[in-house]
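**Student:** sequence unknown, structure follows:
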């Protein structure tokens with residue numbers, strides 16, 4: 001049946017195709033976004049930032065901390081904020097943590113509380129558990145306990161900053177694994193007006209341009225007719241060494 005629907009759509013008159021496409025886009029826009037619910041346990045700097053941002057995105061967020069000051073500060077920001085001890089399984093159960101989709105254990109320096117809280121939310125049956133770790137040893141312990149994602153915030157942020165300092169033309173990046181990165185690369189004056197498909201620009205470095213942000217507009221590189229403009233945010237895919245060589249050659253005129 002799907003095959004015949006596809007054939008039918010391909011043979012439609014062009015204006016009708018456009019109308020159906022527009023209806024599809026409008027229906028997607030009108031469709032409410034699915035949200036997940038989050039329980040953030042530990043409302044220090046890290047936990048409160050995560051909780052506040054999740055709430056700002058429109059998600060139901062429960063915040064839990066033993067410090068009344070932290071809870072009071074976020075009472076009007078989160079869906080619910082309560083004083084409770086993450087080491088106490090009964091307290092977490094009474095707070096309804098087991099009804100949430102995701103738990104973020106953001107307890108800071110108290111290693112024992114962090115581990116016990118992770119065990120408790122695991123026992124409550126949450127589908128996904130993210131935990132803040134203090135060090136590599138702690139990371140291994142939390143992984144053994146079944147945490148879905150273990151975060152080392154200082155290390156991860158430090159690596160992120162070092163990558164941008166390493167290559168000054170890189171504004172931001174995402175690691176894809178196996179040595180590959182997607183970087184947000186600021187187009188310098190030297191590339192102004194150059195076509196993005198110019199083999200002299202990227203092929204030498206084994207890099208692939210994916211698209212560019214120009215002010216508030218995303219410009220695709222698929223057609224190959226895009227001409228770069230100074231200040232564009234160009235998305236480049238490649239290995240770190242190639243990205244560094246590319247940046248150095250542009251800066252130093254090689």
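**Tutor:** Received the coordinates, thanks. Keep in mind that this is a model prediction, so the values were computed, not measured.
**Student:** going by C-alpha atoms from here, please, whenever you check contacts or count neighbours.
**Tutor:** Noted.
**Student:** so the residue nearest the centre of the chain is in which element?
**Tutor:** Most central in the chain under CA atoms, centre = their mean is residue 174, positioned 8.9 Å from the mean C-alpha point. Under the criterion of DSSP states H and E, residue 174 resides in strand 170-177.
**Student:** who does the next helix or strand after that strand pair up with?
**Tutor:** Next along the chain after strand 170-177, taking DSSP H and E as the criterion, comes strand 180-186. Paired strands of strand 180-186, with direction, are strand 170-177 (antiparallel), strand 233-239 (antiparallel) (DSSP bridges).
**Student:** tell me the most buried of those?
**Tutor:** Across these, averaging neighbours per residue (mean count of other CA atoms under 10 Å) puts strand 233-239 on top, at a mean of 22.
**Student:** shaky segments in the stretch 51-200 of the chain?
**Tutor:** For the stretch 51-200 of the chain, residues meeting the criterion pLDDT under 70 lie at 163-164, 166-169, 173.
**Student:** any chance you could map the helices in it?
**Tutor:** Taking DSSP state H, counting those that start in this stretch, the helices of the stretch 51-200 of the chain run over residues 68-74, 89-94, 111-123, 136-144, 153-166, 199-202.
**Student:** contacting residues around the fifth one?
**Tutor:** By CA atoms under 8 Å, 6 or more residues apart in numbering, the residues outside helix 153-166 that reach it are 132-133, 170-173, 244.
**Student:** now those as CSV including distance to residue 102?
**Tutor:** As requested, those are exported to CSV (distance: CA to CA, whole Å):
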residue, distance to residue 102
132, 14
133, 17
170, 33
171, 31
172, 27
173, 26
244, 38
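**Student:** how many neighbours does the nearest residue to residue 172 once chain neighbours are set aside have?
**Tutor:** Computed as CA to CA, 6 or more residues apart in numbering, the closest residue to residue 172 that is not its neighbour in sequence is residue 184, at 5.1 Å. Applying other CA atoms under 10 Å, we find 22 residues neighbouring residue 184.
**Student:** now do residue 148
**Tutor:** Every residue meeting other CA under 10 Å relative to residue 148 is counted, giving 12.
**Student:** if we can go back for a sec, for the residue nearest to residue 172, give its distance to residue 215.
**Tutor:** Going from residue 184 to residue 215 by CA to CA, to the nearest Å gives 14 Å.
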